[in-house]
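# structure for the following, please:
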Amino acid sequence: MKVSAHKFNPRILPHAVLGGVMLAALAVTGAHAATGEPMPVSALAKADTNQDGMVSAEEFKATGMDGKLFAKADGNHDGMLSTDEFAKAEAMGKAK
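The predicted structure follows:
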């Protein structure tokens, strides 16, 4: 009996990764649907009122967080907080 070697096709890797991500998302969504609980909304999503993926100084202040944290967390000084910068601001706010 001859065993055939299956060759790896690098062109399918992005599809395989996307499929895995989609399955994970479905598992999380399904778990919440089964319990009847709403999906949790991240603090970033709540703060990002214009839904551009970034939090401006005005959006940040509207959350009630200290404006000084915004300046400290804005590492690249572009006047916007990315996901990582927003998480940094949250962590600094919780540490106080």
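# surely Ser56 meets Gly79?
Yes - applying CB atoms under 8 Å as the test, Ser56 and Gly79 come out as touching, 6.9 Å apart. For the C-beta atoms, the positions are set from N, CA and C on the backbone; glycine is no exception.
# neighbour count winner among the two?
A direct count of neighbours by other CB atoms under 10 Å for Ser56 and Gly79 places Ser56 higher, at 17 against 11.
# list the contacts of Ser56.
50, 79-81 (CB atoms under 8 Å, 6 or more residues apart in numbering).
# also Asn50?
By CB under 8 Å, 6+ apart, Asn50 lies in contact with 56, 59.
# sketch out the low-pLDDT regions of this protein for me.
For the chain, applying pLDDT under 70 flags the ranges 1-6, 8, 13, 20, 23-41, 96.
# which stretches of it form helices?
13-35, 43-47, 57-62, 67-73, 83-95 (DSSP state H).
# I'd like these as CSV, with mean neighbour count appended.
Putting those into CSV (neighbours: other CB atoms under 10 Å) gives the following:
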stretch, mean neighbour count
helix 13-35, 10
helix 43-47, 16
helix 57-62, 16
helix 67-73, 16
helix 83-95, 15
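# what's the closest non-adjacent residue to Lys46?
Of all residues not flanking Lys46 in the chain, Thr63 sits nearest, at 7.3 Å (CB to CB, 6 or more residues apart in numbering).
# which residue ranges make up the domains of this protein?
8-40, 43-95 (automatic domain parsing).
# hang on, the earlier thing: do I have it right that the residue nearest to Lys46 meets Ala47?
Yes - applying CB under 8 Å, one finds Thr63 in contact with Ala47, separated by 4.9 Å.
# the closest residue to Leu81 other than its chain neighbours: neighbour count?
Residue nearest to Leu81 in three dimensions, not counting chain neighbours: Val55, with 4.3 Å by CB to CB, 6+ apart. Using other CB under 10 Å, Val55 has 30 neighbouring residues.
# tell me how far Val55 lies from Leu44.
Separation of Val55 from Leu44 (CB to CB, to the nearest Å): 7 Å.
# fine by me, thanks again.
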